[in-house]
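Undergrad: What would the 3D arrangement of this be:
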Amino acid sequence: MATDHFADDPRTNLERMLAGDLYIADDPAIARRQQQAVRLAARYQAAHLEDPVKARPILGELLAFVGEDVEVRPPLYVDYGSNITIGARTFVNYNLTALDVARITIGEDCQIGPNVQLLTPTHPLDPQPRRDKLEAALPVTLGDNVWLGGGVIVCPGVTIGDNSVIGAGSVVTKDIPADVVAVGNPARPIRHL
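TA: Below is the predicted model:
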C-alpha cells in the first residue's frame, strides 16, 4: 500500500517543492514550469548562435538573476531557471546542467568548465516502490572566485567556499572550505591556496 505523504498538508506540489519539502515531481503545474524553461533555454541557444549580446535578455528572462559581464555558453540545461543566480563576471562554458529544484547560487568571478553538473534534487532512500516520483531538494552554493574544472559534479546541499578550485572530473559530495584545491571522487581538499 502506498504511503500518503501529504494527508495533512494542504499545499500544492509546487509550493512543497519551492519550500524544499517532499513533493510529487510529475505534477502538471511543475511540468508547465519545466516546459517554459526548456523553451527559453532553446531560444537562448538559438539567439546566441546569431548574436550573444542580443541573446542576453533571454538569459535574463530564464534565470532569476544574471550579473554584469556574465557569459554563459549554450547549451544550458535547467529544470526551471528561476532558482538560479549568477554573479558578475562569471564565465560558464558549454553544457552546464543546473537542476534547480532548489536555489543554485553562483558567486561573482567564477569559472565553470564544460559539462559541469550542479544538482539539487534528492530522493527518498526507503525501498518503497517509486510510483509517485517523490523528490525534495537541497540548495547548491558557489562562493566568489570559484573555479570548477570540466565534468565536475556538485551534489545537493553542497557549498563551495570563496577562491576554491575543484579539479576536473571531481564529484563534490560535501562542503568545500574557502581557499583550497579539491579533487577526486569524493572531492577532498589537497592543498590550501
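Undergrad: CA only for contacts and neighbour counts going forward, please
TA: Fine.
Undergrad: Ala55 - that's part of a helix, no?
TA: Yes - remark: Ala55 belongs to a helix, assigned using DSSP: H, G, I helix; E, B strand; the rest coil.
Undergrad: May I see the buried residues of the worst-scoring helix or strand of the chain on mean pLDDT?
TA: Lowest on mean pLDDT, DSSP states H and E among the helices and strands of the chain sits strand 134-137, with a mean of 81. Buried residues in strand 134-137, counting neighbours by 16 or more other CA atoms under 10 Å, are found at 135-137.
Undergrad: now the helix or strand following that strand, how far from the centre of its chain.
TA: The first helix or strand that comes after strand 134-137 along the chain, using DSSP states H and E, is strand 140-142. Mean-position distance between strand 140-142 and its chain equals 8 Å (CA atoms, centre = their mean, to the nearest Å).
Undergrad: just to revisit the earlier point, show me which of the buried residues of strand 134-137 is closest to Tyr94.
TA: Ala137 (24.5 Å; CA to CA).
Undergrad: Need the nearest residue in space to that closest one, chain neighbours excluded.
TA: Nearest-residue entry for Ala137: Pro121, 4.2 Å, with adjacent residues in sequence omitted and distances by CA to CA, 6 or more residues apart in numbering.
Undergrad: residue contacts, the one you found?
TA: Contact partners of Pro121, counting by CA atoms under 8 Å, 6 or more residues apart in numbering, are 99-102, 135-138, 156.
Undergrad: how close does it sit to Leu22?
TA: 10 Å (CA to CA, to the nearest Å).
Undergrad: From the contact counts, what lies against the lengthiest helix in the chain?
TA: The helix spanning the most residues in the chain, taking DSSP state H as the definition, is helix 28-50. Judged by 3 or more CA pairs under 8 Å, 6 or more residues apart in numbering; DSSP states H and E, the packing partners of helix 28-50 are helix 13-18, helix 52-62, strand 76-78.
Undergrad: cutoff 7 Å now
TA: Contacts defined by 3 or more CA pairs under 7 Å, 6 or more residues apart in numbering; DSSP states H and E place helix 28-50 against helix 52-62.
Undergrad: Pull the distance from the helix or strand that comes right after the helix it packs on to the chain's centre.
TA: Next in sequence after helix 52-62, counting helices and strands by DSSP H and E, comes strand 65-66. Put simply, strand 65-66 sits 14 Å off its chain's centre (CA atoms, centre = their mean).
Undergrad: List the strands paired with strand 65-66, with their directions.
TA: strand 84-86 (parallel) (DSSP bridges).
Undergrad: Residues contacting the strand it pairs with, please?
TA: With CA atoms under 7 Å, 6 or more residues apart in numbering as the test, strand 84-86 has contacts from 63-67, 100, 103-107.
Undergrad: Looking at the residues you listed, state which has the most neighbours.
TA: Ile104 (27 neighbours; other CA atoms under 10 Å).
Undergrad: How about the residue nearest to the spatial centre of the chain: which residues does it bridge to?
TA: What sits nearest the mean C-alpha location of the chain, by CA atoms, centre = their mean, is Ala98, with 3.1 Å. Beta bridges link Ala98 to Val78, Leu118, judged by DSSP bridges.
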